[in-house]
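1. the sequence and its predicted three-dimensional model are supplied below.
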Amino acid sequence: MVTATTKSAERRLESVSQRVWDIAATVCDPEVPVLTIEDLGVLRSAELKNGVALVTLTPTYSGCPAMDTMKADVESALHSGGFKEVKVTLSLAPAWTTDWMSEDGKRKLEKFGIAPPSGHASAGKVSLSLKVKCPRCGSLDTKELTRFGSTSCKALYSCNQCLEPFDYFKVH
């Protein structure tokens, strides 16, 4: 039997779980500090269960070197937010996709000088656009210099118009 007291307790738990999410969502990606882990789509779940703040992160790549820092930063943020017991786990399944990035995150990338992913990943296939737009001048007259840029999830491009190099966040 569900009572008013039970419903009230459930609402409080939902509210605290939302607070766990909200705090974890403030943590920035150490490699692209203009993005939060929520913008990036790496933050997959956050809740309070049996007094423990539980957070699940999915790395952009299985060997992403930033995950240890993200995990420590989430733990620190939640401890600072008053949660005594915190457990952050990494999950490789389902695999992260650029489709999980927020539109706001993509705008932040471009403003920061990194071309956001163009196209969508679907059913294990990647839909690539023919051109990558320069985040500095907006030209489509660009070329890939190397498939791997400053990190594994980015490629290095150059703009033939403004002659500036830039990272492109690859679709996957």
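-> Right, received. Where do you want to start?

2. how many residues are close by the closest residue to Ser62 other than its chain neighbours?
-> Leaving out its chain neighbours, the residue that sits closest to Ser62 by CB to CB, 6 or more residues apart in numbering is Leu92, at 5.7 Å. Any C-beta I mention is one placed from the backbone N, CA and C, and that applies to glycine too. The burial count assigned to Leu92 is 10, neighbours taken as other CB atoms under 10 Å.

3. isn't Leu92 right up against Tyr61?
-> No. Checked against CB atoms under 8 Å, the pair Leu92 and Tyr61 is beyond contact range at 9.7 Å.

4. what residue lies at the spatial centre of the protein?
-> The chain has Leu40 as the residue nearest its centroid, 1.9 Å off, counting by CA atoms, centre = their mean.

5. distance of that one relative to Lys84?
-> From Leu40 across to Lys84, the span is 27 Å (CB to CB, to the nearest Å).

6. give me phi/psi at Glu103?
-> As for Glu103, its main-chain torsions (degrees, to the nearest 10) stand at phi -60, psi -40.

7. gap between it and Ser118?
-> For Glu103, the distance to Ser118 equals 13 Å [CB to CB].

8. ok so, going back, correct me if wrong: the residue nearest to the centre of the chain contacts Thr98.
-> No. Leu40 is not in contact with Thr98 according to CB under 8 Å; the separation is 9.3 Å.
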